[in-house]
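what's the 3D shape of this:
(chains A and B)
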2 protein chains.
Amino acid sequence: MRVIRSVSAMAAWSDRLHREGVTIGFVPTMGALHNGHRSLIRKARLACDAVVVSIFVNPSQFGPRDDFTRYPRPFRHDLSLCRAEDADIVFAPTQNGIYPRAFQTGVTVRTVSRLWEGAHRPGHFEGVATVVTKLLNLVRPRKTFLGQKDYQQAVVVRQLVADLNLGTDVIVCPTVREADGLAMSSRNAYLTDHEREAAPVLFRALKRGEGDILSGVTSAAAIQRAMRAAVAGHRLAKVDYLAVCDPETLAPVSRVRGTVVLLGAVRVGTIRLIDNLIVKRKR
Amino acid sequence: MRVIRSVSAMAAWSDRLHREGVTIGFVPTMGALHNGHRSLIRKARLACDAVVVSIFVNPSQFGPRDDFTRYPRPFRHDLSLCRAEDADIVFAPTQNGIYPRAFQTGVTVRTVSRLWEGAHRPGHFEGVATVVTKLLNLVRPRKTFLGQKDYQQAVVVRQLVADLNLGTDVIVCPTVREADGLAMSSRNAYLTDHEREAAPVLFRALKRGEGDILSGVTSAAAIQRAMRAAVAGHRLAKVDYLAVCDPETLAPVSRVRGTVVLLGAVRVGTIRLIDNLIVKRKR
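Just a heads-up that it's a prediction; the model follows:
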């Protein structure tokens, strides 16, 4: 496994592999790798000849009150996880390499970025879209692996890839969870013991919504009420949103037909958690 | 020479050439090709193994009062010019191929897009940056050839390529002019005989500015006055701007040191012409 720091070395490596007809699988991350990332690297390893994992804590997708400076950066642990999963390249560029002094370009995926996380975190998805465009142009992967846990991010990236002809297949892999249902996330490390105990409430609320849909409820308002009720009563938990949405546009639906995605964001203490479930209504 | 209409066929062609180690030279155009474009294709032909000319009248870089619908589209003439210059591919995508129904992504090069043409044509450079990003991702050229006549556009594209790691060398080629100095432009076809007669006033104004600098004038205000005076008195001509600028940032300078670019936009009748000169002050 090789660690590449420089953007030009990354582009040169990728160029050479393209000339050799080698397919590249790509797992973009902000580090603090957990079993969710591990499953993405494994998928990439099976699907492609060569695997690149990028580790870059991207400042432009953090808001001014977000946790950029305290975001965990356990680089040595991340490297051993990548090595254990047989990645070929860890691409860990510097801030200056990605954003040199004269940098002034932004990429915006308009419609889908305005909803949900975009509404709660202004500028977040522009930061994501811009850095993902750069990373994809440097790595030029055949396939790019993202976790379903950040569902809206995956929708934004898929739209971005189509709209800017970035030429990679975006493959969204199932959310990996703790035993009690909490979706794995680098931010879970912030939870106090009490908060950690309360955190699965989000998953339970989504499962409640799923259960309602599978048992025949079609009114989105009723499903939302049930999901909210599952959170209410938890002293530490406060709902940002719990919504029944079209799985492609993420627009809220009023009635469940076919497949929907249940999107949720809940604050547990000071920590904001997101999660989602794709639910297909039985006929 | 082959004409490619589909974006996926373009990407596949380019992929294949990359695997073969063939270098691609790219000349992006809106068609209505003239000797300026011809010189770009010749440069590409000399510098690269394969040459792609794109012809796409990009709606998103036209404003609501601009000339999108009446922009000239002499496609057969364009094809013969490309054939005569030995281009390998004419990439002429459809509107739907470039902007499918769900399209929603924009690329903005912030600082340099706000000045001059950007101030006069809101949204223009976002349209340019977005379509150029798409074209570069589809064609993946080693070198991209642009005309100096659209100086600010070349600066925007160069910044875009650096900022999004688009991995092409941007090569800016000298403006090709008519005998009387008028810069070649597809829009010159709109000029009436009277307007055509008045049109070289812009080039003469820029030459006046150049002459002043070469004879030792360093005050930008004085140079601008002289350039404006060269236009005043022409009944049909009205200055939009005539400015002395830093050749990289395009910010106006107050005093000439080293190299500057003289940027000009003049309306002749109803037609808006732009032109520029790079001037290096003698020591």
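
Show me what the lengthiest helix in chain A is packed up against.
Taking DSSP state H as the criterion, chain A has its longest helix at helix A:124-139. On a contact count with 3 or more CB pairs under 8 Å, 6 or more residues apart in numbering or on different chains; DSSP states H and E, helix A:124-139 meets helix A:7-19, strand A:24-29, strand A:50-55, strand A:89-91, strand A:105-109, helix A:110-113, helix A:116-120, helix A:151-163. Just so you know, the C-beta spots here come from the backbone N, C-alpha and C atoms, and that holds for glycine as well.

Redo those as CSV? Include distance to A:His37, mean neighbour count and mean pLDDT.
Output for those, formatted as CSV (distance: least, CB to CB, whole Å; neighbours: other CB atoms under 10 Å in any protein chain shown; pLDDT from 0 to 100):
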stretch, distance to A:His37, mean neighbour count, mean pLDDT
helix A:7-19, 19, 17, 97
strand A:24-29, 5, 26, 98
strand A:50-55, 8, 26, 98
strand A:89-91, 12, 24, 98
strand A:105-109, 23, 24, 98
helix A:110-113, 24, 20, 97
helix A:116-120, 19, 18, 96
helix A:151-163, 14, 23, 98
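
Figure out which of these is closest to B:Glu178.
strand A:105-109 (35.2 Å; CB to CB).

Report the angle between that closest one and helix B:124-139.
For strand A:105-109 against helix B:124-139, the angle by axes from the mean of the first three to the mean of the last three CA atoms, to 10 degrees is 80 degrees.

May I see the helices and strands packed on helix A:124-139 arranged in CSV, with distance to B:Lys134 as well?
Shown next, in CSV, are the helices and strands packed on helix A:124-139 (distance: least, CB to CB, whole Å):
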stretch, distance to B:Lys134
helix A:7-19, 19
strand A:24-29, 20
strand A:50-55, 23
strand A:89-91, 24
strand A:105-109, 12
helix A:110-113, 15
helix A:116-120, 23
helix A:151-163, 8
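
Reformat these as CSV; add distance to chain B.
Converted to CSV, the helices and strands packed on helix A:124-139 look like this (distance: least, CB to the nearest CB, whole Å):
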stretch, distance to chain B
helix A:7-19, 5
strand A:24-29, 13
strand A:50-55, 12
strand A:89-91, 12
strand A:105-109, 4
helix A:110-113, 4
helix A:116-120, 12
helix A:151-163, 4
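
To B:Met184, which of the ones you listed lies closest?
Closest approach to B:Met184 among those (CB to CB): strand A:105-109, 29.5 Å.

what lines up beside that closest one in the sheet?
Strand pairing for strand A:105-109, using DSSP bridges, gives strand B:105-109 (antiparallel).

From A:Val132, how far out is the residue nearest the centre of chain A?
In chain A, the centroid-proximal residue (CA atoms, centre = their mean) is A:Asp150; its distance is 3.2 Å. Note on A:Asp150: its distance to A:Val132, by CB to CB, to the nearest Å, is 12 Å.

Quick check: A:His34 touching A:Arg187?
No - using CB atoms under 8 Å, A:His34 makes no contact with A:Arg187, being 10.4 Å away.

higher neighbour count, those two?
A:His34 (18 against 14; other CB atoms under 10 Å in any protein chain shown).

For that one, give me its contacts.
Shown here is A:His34, whose contacts under the criterion CB atoms under 8 Å, 6 or more residues apart in numbering or on different chains are A:Val176, A:Met184, A:Ser185, A:Ser186.

Was I right to think the first one contacts A:Asn35?
When you say that, I think you mean A:Val176. Yes - using CB under 8 Å, A:Val176 is in contact with A:Asn35, at 4.9 Å.

any common contacting residues for these two?
Joint contacts of A:Val176 and A:Asn35 (CB under 8 Å, 6+ apart) are A:Met184.

ok, is stretch A:164-184 in contact with chain B or not?
Yes - counting by CB under 8 Å from any CB of the partner chain, contacts between stretch A:164-184 and chain B involve A:Leu164, A:Asn165, A:Leu166, A:Gly167.

Flag every buried residue along that stretch.
The neighbour-count check on stretch A:164-184 (16 or more other CB atoms under 10 Å in any protein chain shown) flags A:164-168, A:170-173, A:175-178, A:181-184 as buried.

Which of those residues fall in helices?
The members of those all map outside helices under DSSP H.

The next helix or strand after the longest helix of chain A and chain B, are they touching?
Once the chain leaves helix A:124-139, the next helix or strand it forms, by DSSP states H and E, is strand A:143-147. No - Strand A:143-147 lies out of reach of chain B by CB under 8 Å from any CB, never closer than 14.1 Å.

Now strand A:143-147: average pLDDT?
Strand A:143-147 shows a mean pLDDT of 98 in the predicted model.

Pull up the pairing partners for it, direction included.
Short version: by DSSP bridges, strand A:143-147 pairs with strand A:24-29 (parallel), strand A:169-173 (parallel).

Just the C-alpha atoms of that strand, please, in CSV.
Presented in CSV, the C-alpha positions along strand A:143-147 are these (Å, rounded to 0.1, in the frame of the first residue of the first chain):
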residue,chain,number,x,y,z
LYS,A,143,-16.5,2.8,-9.7
THR,A,144,-17.0,5.0,-6.6
PHE,A,145,-18.4,3.5,-3.4
LEU,A,146,-20.5,5.5,-1.0
GLY,A,147,-22.4,4.6,2.2
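
And the contacts of it?
Contacts of strand A:143-147 (CB under 8 Å, 6+ apart): A:23-28, A:36-37, A:39-41, A:43-44, A:47-48, A:136, A:153-154, A:157, A:161, A:168-173, A:175-176.

Where does the closest residue to A:Pro122 other than its chain neighbours sit: helix, strand or coil?
In space, and not counting its chain neighbours, A:Pro122 is closest to A:Gly63: 6.8 Å by CB to CB, 6 or more residues apart in numbering or on different chains. What DSSP: H, G, I helix; E, B strand; the rest coil gives for A:Gly63 is coil.

ok, so what distance separates A:Met1 from A:Ala92?
Counting by CB to CB - A:Met1 and A:Ala92 are separated by 12 Å.

Those two - which one has more neighbours?
A:Ala92 (20 against 15).

so who does the more buried one touch?
So A:Ala92 contacts A:Val3, A:Ile4, A:Arg5, A:Gly31, A:Ser54, A:Ile55, A:Phe56, A:Phe75 (CB under 8 Å, 6+ apart).

which of the residues you listed tops the neighbour count?
Using other CB under 10 Å as the neighbour criterion, A:Ser54 leads these with 24 neighbours.

My read is that that one contacts A:Gly31, right?
No - the pair A:Ser54 / A:Gly31 is not scored as a contact, 9.2 Å apart, by CB under 8 Å.
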